[in-house]
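Student: Sequence and predicted model, in that order:
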Amino acid sequence: MMTAYALARICQELFGDVEYAAINTDRNKYPISCGRVVFMNIHSYYAPVTANYLMIECDKFCKIQTDPYLSDSVPCVGTNGQQYPNMGQFFCCSVKCMKYYCVTCWDLNPNHAITQINTNNKTIECELLALIHKPLIRNARTPEV
């Protein structure tokens, strides 16, 4: 319902500095309702990623979800900033983080844990930091047959 050119123009107007835009297709070259936009600088990249979605008024749709692109074969950054041999399945979408983690390191990172505060002998569960540091999970790719 949208061309790559239209997607690039919308992102250029909203976020600036678009280098490349494409609409993803299946093996028969039929559009699969998702696309990619590459930005020229980090500021233009962070804006749509933190927005999570765009509201656009048109005949066929009104909302475009924006997620960061997950790369294949990125190693886990680990818990102390040192890389681990494990592959990073989880990508933290927080602007403060934006890193890949394996399952173990995701759980060990204090920014991804549930915090609780004790007040007057009551345990009040605070907002989950995991909602702020929400993960995108990269699935292992399987070859197409």
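Tutor: Yes, it's here.
Student: What part of the protein, helix or strand, is modelled with the least confidence?
Tutor: Lowest on mean pLDDT, DSSP states H and E among the helices and strands of the chain sits strand 122-125, with a mean of 46.
Student: Would you quantify the distance from the residue nearest to residue 86 when sequence neighbours are not counted to residue 134?
Tutor: Leaving aside its sequence neighbours, residue 86 sits nearest to residue 102 (Cβ to Cβ, 6 or more residues apart in numbering; 3.7 Å). From N, CA and C alone the C-beta is placed, and that goes for glycine too. From residue 102 across to residue 134, the span is 17 Å (Cβ to Cβ, to the nearest Å).
Student: Between these two, which has more neighbouring residues?
Tutor: residue 102 (19 against 16; other Cβ atoms under 10 Å).
Student: Go ahead and confirm the more buried one touches residue 87.
Tutor: Yes: the criterion here is Cβ atoms under 8 Å, and residue 102 meets it with residue 87 at 6.7 Å.
Student: Need the residues touching each of those two.
Tutor: residue 76 (Cβ atoms under 8 Å, 6 or more residues apart in numbering).
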